[in-house]
Every structure is written in structure tokens, then in C-alpha cells.
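Q: Have a look at this prediction, sequence included:
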Amino acid sequence: MTSKLSPIYVLGLGSIGSFIAHSLRSLPDPPCVTLLVHKEGLYQELSSSNWTLGLRIGEDGILEERSGFDAELLEKKISSCTDPIRYLIVAVKASATVTALEPFKARIGRETTICLFQNGLGQVEELNEQLFIDPSTRPTYMFGIVRHGVYLNSAIEAVLSGPNGCAAVGFVDSGDNAALCQHRFLLDALLRSPRLRCTELNWADLLRVQLLKLATNCVINPLTAVLDIRNGGLFDNPHLWPIQHCLLKEISNVFENLPEIKCLPRDPAHFSVASLTAIVQDTVEKTAHNSSSMREDIRKGRPTEIGFINGWIIKRGKELGLDCAEERDTKTCVALLAPAPGVSLLSSASLLSSLRVPYNDPSTLYYFLCDPNGEQSLEEPKTSIASVLCLCLMAFHSPVRDQEWRNTAQSRLPLWTTSFDHALSQIPKEVLQQIAPHSDSTNSDGSPSAHEVSSQLCALGCPTPDAVARIVRLRLESSDWTQTGLQPGHIFPFRPTSGSSTRESASFTTQRCFLKTANVYC
Ligand SMILES: CC(C)(CO)[C@@H](O)C(=O)[O-]
């Protein structure tokens, strides 16, 4: 391990943190880089790899390995080291920023430069309110914006999916530009990296780019998370365009009225609904195969960044006296789904299934099959909308499942060790071909294709934001899982009796049900 003075510390070793750490150690005359690690397992893995991180250039490209990292393990959230931290890159989730920085509070002061590479806005305000209360001893903040496609292959290997990404960095406005010169070391190191392709932005441009990124996250992240689709699914489905439009109208209104924007030089068209829409569409197109970070958070039962994305718009809108009902409803939708451990929704061309695996009985699957097209009125006692939204609400009562639960449950389920090849081979080839053009063919977890889910949920009118808000009010008092219509059953419970297309969809739904339910365990 190297030991030079003033290392650059990296907190958060997800794809972005690993990519940046790797890029810094790839520089000629590289700076010392110290990885701040919370998990003992990761620390051991780094140690066994001789403190090496890998970056694969392209999905099947060469693996570039960089060594010489230092690492500090936080035991029981306590840092045993007391060295001051001069340069810090924060790449944890926005929602974890304060908790992740707390153990290092005493090592951070006026001399420290912190660069936040995160989605969302509002983290600086939260850090100042909760950790660095005294303005005279506060660190200097920078924002970093990454536009590279990066994901993790393993804890110590990231993949850079394309060569054309770029990044932007700059100082957050502190009103004291002269003082910023002494904080340039970290910024200059980032700018030197040919892999990061980083440009420096002044505060006006940095804020503009941050806001534009926030607008895209406000649309793409919650919609892909709620509908459980890849980013490209937003483009395919015209039913979603009115929701996107309403969200962007509110966002544009808030941006246009922000006092910090009003005093900056800018083109008046920057935050118009038309230009925000163009940016969202461009991002959807460029990241069509991505599974958004919020969708991944929900699938893995992790807290989402919704409070720093749509939540920031709501907060700033409130300060400005602007109502952001669409943002609020969207936030509610995500909040309803976020704590949904052990519940799942899936749809085929015409049917929708709610699924639940109870916490204390992981070998039983509860299911409820809805046929929204067969429902005549919203007054029916268990309409698809009511059942789905009850499922989301009831999920609040469900204990969170951690990895330990999954491991134990999985070890008790010999069923899940078998292959699905036989089940899949039962689906007629014509049916598979018929579905293929719309499917996420790379979606190996078997979850429904973007087209199927989004068109089905939109046809259902749920869970669109206003539908959720309505049902939340209607059903808030319910405290009984039977409200969801779920019944215990076996793995092939669905056998509708009439209509060949329904029957075909149902059998396909059954296969998907099989595969999707497996997600609860892995
Ligand atoms: C741009 C983006 C939406 C792509 O998936 C990304 O910021 C994300 O997933 O949060």
C-alpha cells in the first residue's frame, strides 16, 4: 500500500465511486487514493486482490487493473483513524450522505474539499444543517456530474459500457471565489483523467447542468421504478407522455422561479417545458437499456433517492408558493412501492397478478389474478386498481427483508435451485416470437417487458400518481391482507376458462410469475 500525504479519500464504492477511484489511480504520477469501506467483506476482498480495482473497458473489453489503493475499514461505524481528510469524493446514495459522513465529521474541516458525485439536490444543505453547522469550519463543496454508463460486475470490478461518456465538475457557490484556489488539487486531479473526460464548469453552468439532470431524474427514475421497466420503456409508451408532461411543467415552473437562477446569466429557453422534454427524451434514448438507479433500489429493497429528486422540487416549490401535486403523487407512488418487501406485481398482455411471499413463511406464494379488461366499473369491490394499491399499502406492514433473510429463505427452498428451462420450453415458440420484439431480451431475470407492463398499467389507470392518491385516501384504514384479494397457492395457479388469447397470456404470466417470484429470494 502507498503512503503519501493528503490522499484523496473515496466514500462509496458503487459503480461511480469505483470508476472515479480507478481513474485517479490511472493518472501518470497518480495521487494516493484511500477507499473508505463500511463492509468487512469488501475490505477482505480488496485485501485478497492486493488492493486492486478493475475497470473493464466495454462489456466484453479488456480489464484494466489498478493497484496501490489504501483502504480504511469502519468498524461498527467508527473510524479508528484520526488523520484529517483534505480531499473527499462522496459517491454514496444521496439519501445516505449524512449517515455515511458522520463517522468522519471530526476529520473534516475548513481545509477539506468534498466533491459530491450523486443524483439529486439538497445534500449540501442537509450536511450544513446536520453535520457542519458552524459556517467558519465548513468544508468547501464541489459537485460532480457523471455522464458515463458504468455498472459493477463485482465488488472490485466495474464496467465502462461505452467510450463516449463525459463528466463535469465545479465548485458550489460559496461567495468567496479567491479562497477556492487552495482547493483546486482535487479538481485538477479529476480534470487530468483522460478516462473521466471531465470539464470544469463555473457555478452558473454547473447549477444549470445539475438542474437539467435533476429534471431527467424526476421523470425517468420514479416512472421506471413504479412501472418496473427499463428506461427505454418510457419512450415506447405514449400513455406515459401526459404524466411526463405534467411533471416537467411543474419542474419548469419551479426552476424558472428559483432565486439562485434568477440572478444568474442564462438563456430564458433553458428551463422551458420544451427544452426539458427534449433533454429527458435524449437521456431516455441514450440510456434505453439501463435499469434506472431508483428501479434497482426498489428491486433490492434499498431506500430510494426520491426525497432528493422529486422531493427537492416539492420543497423548493413550497418555499416559492408553487403547488407541485404531480411531484407529490409521484413521490407517494415510489414511497408506496419502496417498502414493498416480498410483494410483486407482474402483467402480461391482458392480465395482472399480485404476488406476496410472507415473511415468516417464505415457501408460500400468495397470488391474486386480475383481469382489468373484464371489469365493468370502479365500484366493484376488488377491482384491479383497488387490489394493486391495497397490495402496496399493505406492504407497509411487511418487515424489511435483508440479505440474511434472503439467504435463510433461499436455503429452505430447494425448488429455487432447479432450472426454469423446462418451464420455459413449455411456452410455444410462436408465443415467444410474438413477444420478443417488445421484450427486454437482456432482462435475464424474467420480469415483464417494458411494453407489456407499462401499457397494461396505463390501461388500468394504475398506479398513476393521481390513482394512488385517491386510493390512499380510500384504503388507508385497511389493515388486512385479505383486502388485496391474495390467496395462498401453488406455483401454477392460473387457469382462466375462456378466450384463447387470455389463456395464452395466462400461461405466459404463469412462467413469468415463476421467474419474478424468484426475485424475492435473490
Ligand atoms: C440518467 C439515469 C436516469 C440513467 O439511468 C441515471 O441518472 C439513474 O439511473 O439514476
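A: Yep, it's here.

Q: Please name the residues that touch L101.
A: Residues near L101 by Cβ atoms under 8 Å, 6 or more residues apart in numbering: 11, 90, 108, 127, 131. C-betas here are computed from N, CA, C, even on glycine.

Q: Can you name the residues that contact the last one?
A: So the one you mean is L131. 98, 101-102, 105.

Q: switch to 6 Å and redo it
A: K105 (Cβ atoms under 6 Å, 6 or more residues apart in numbering).

Q: ok, now the second one?
A: Taking Cβ under 6 Å, 6+ apart as the criterion, V90 is in contact with 11, 116.

Q: wouldn't R195 be in contact with R25 here?
A: No - with contact defined as Cβ atoms under 6 Å, R195 does not reach R25; the gap is 10.6 Å.

Q: Who has more neighbours out of the two?
A: Neighbours of R195 and R25, each counted by other Cβ atoms under 10 Å, are more numerous for R25; the result is 23 against 20.

Q: Now the longest strand belonging to the chain - C-alpha only, PDB.
A: Using DSSP state E to define each element, the chain has its longest strand at strand 140-147. Taking C-alpha atoms only, strand 140-147 is exported to PDB below (Å, rounded to 0.1, in the frame of the first residue of the first chain):
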ATOM      1  CA  THR A 140     -15.700  23.600   0.500                       C
ATOM      2  CA  TYR A 141     -18.100  21.700  -1.700                       C
ATOM      3  CA  MET A 142     -17.900  20.600  -5.300                       C
ATOM      4  CA  PHE A 143     -20.500  18.900  -7.500                       C
ATOM      5  CA  GLY A 144     -19.500  16.200  -9.900                       C
ATOM      6  CA  ILE A 145     -21.900  15.100 -12.700                       C
ATOM      7  CA  VAL A 146     -21.100  11.800 -14.400                       C
ATOM      8  CA  ARG A 147     -22.500  11.000 -17.800                       C
END
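
Q: tell me what the helix or strand that that strand is followed by is packed against?
A: Where DSSP states H and E defines the elements, the next helix or strand beyond strand 140-147 is strand 150-154. Counting by 3 or more Cβ pairs under 6 Å, 6 or more residues apart in numbering; DSSP states H and E, the packing neighbours recorded for strand 150-154 are helix 15-25, strand 157-160.

Q: strand partners of the last one, parallel vs antiparallel please.
A: Which is strand 157-160. Strand pairing for strand 157-160, determined by DSSP bridges: strand 53-57 (parallel), strand 150-154 (antiparallel).

Q: TSV for the helices and strands packed on strand 150-154, including mean pLDDT?
A: Below are the helices and strands packed on strand 150-154 laid out as TSV (pLDDT from 0 to 100):
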stretch	mean pLDDT
helix 15-25	97
strand 157-160	93
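
Q: Over in the stretch 301-450 of the chain, which residue gets nearest the ligand? Let me know.
A: Nearest residue of the stretch 301-450 of the chain to the ligand: E305, at 7.8 Å (Cβ to the nearest ligand atom).

Q: for that residue, what are its contacts?
A: So E305 contacts 93-95, 119-120 (Cβ under 6 Å, 6+ apart).

Q: which one in those is the model shakiest on?
A: The member of the contacts of E305 with the lowest pLDDT is S95, at 90.

Q: Which strands and helices lie in contact with the helix or strand containing E296?
A: Following DSSP H and E, one finds E296 within helix 293-299. Contacts defined by 3+ Cβ pairs under 6 Å, 6+ apart place helix 293-299 against helix 203-227.

Q: Tell me how many other residues crowd the nearest residue to E250 once chain neighbours are set aside.
A: Leaving aside its sequence neighbours, E250 sits nearest to C324 (Cβ to Cβ, 6 or more residues apart in numbering; 4.8 Å). By other Cβ under 10 Å, 23 other residues sit near C324.

Q: ranges for the strands of the stretch 1-150 of the chain?
A: 8-11, 33-37, 53-57, 63-66, 70-73, 87-90, 113-116, 140-147, 150-154 (DSSP state E, counting those that start in this stretch).

Q: any residues touching the third one, and which ones?
A: Taking contacts as Cβ under 6 Å, 6+ apart, the residues outside strand 53-57 that touch it are 18, 22, 63-66, 156-160.

Q: Let's see if you can find the most crowded of the residues you listed.
A: H22 (27 neighbours).

Q: For that residue, give its distance to N50.
A: Distance, H22 to N50, by Cβ to Cβ, to the nearest Å: 15 Å.

Q: what does F185 give?
A: Relative to N50, F185 is positioned 27 Å away (criterion: Cβ to Cβ).

Q: neighbour-wise, which of those two wins?
A: Of the pair F185 and N50, F185 is the one with more neighbours under other Cβ under 10 Å, namely 14 against 11.

Q: that's a helix at the more buried one, yeah?
A: Yes - judged by DSSP: H, G, I helix; E, B strand; the rest coil, F185 forms part of a helix.

Q: per-residue confidence at it?
A: pLDDT recorded at F185 is 94.

Q: Ok, E129 next?
A: With respect to pLDDT, E129 scores 96.

Q: next one: the one 4 residues further on
A: You'll see I133 listed with a pLDDT of 96.

Q: what does P465 give?
A: 34.

Q: Could you do L116 as well?
A: So L116 comes in at 98 (pLDDT).

Q: which helices and strands does the longest strand of the chain pack with?
A: Applying 3+ Cβ pairs under 6 Å, 6+ apart, one finds that strand 140-147 contacts strand 113-116, strand 166-171, helix 203-227.
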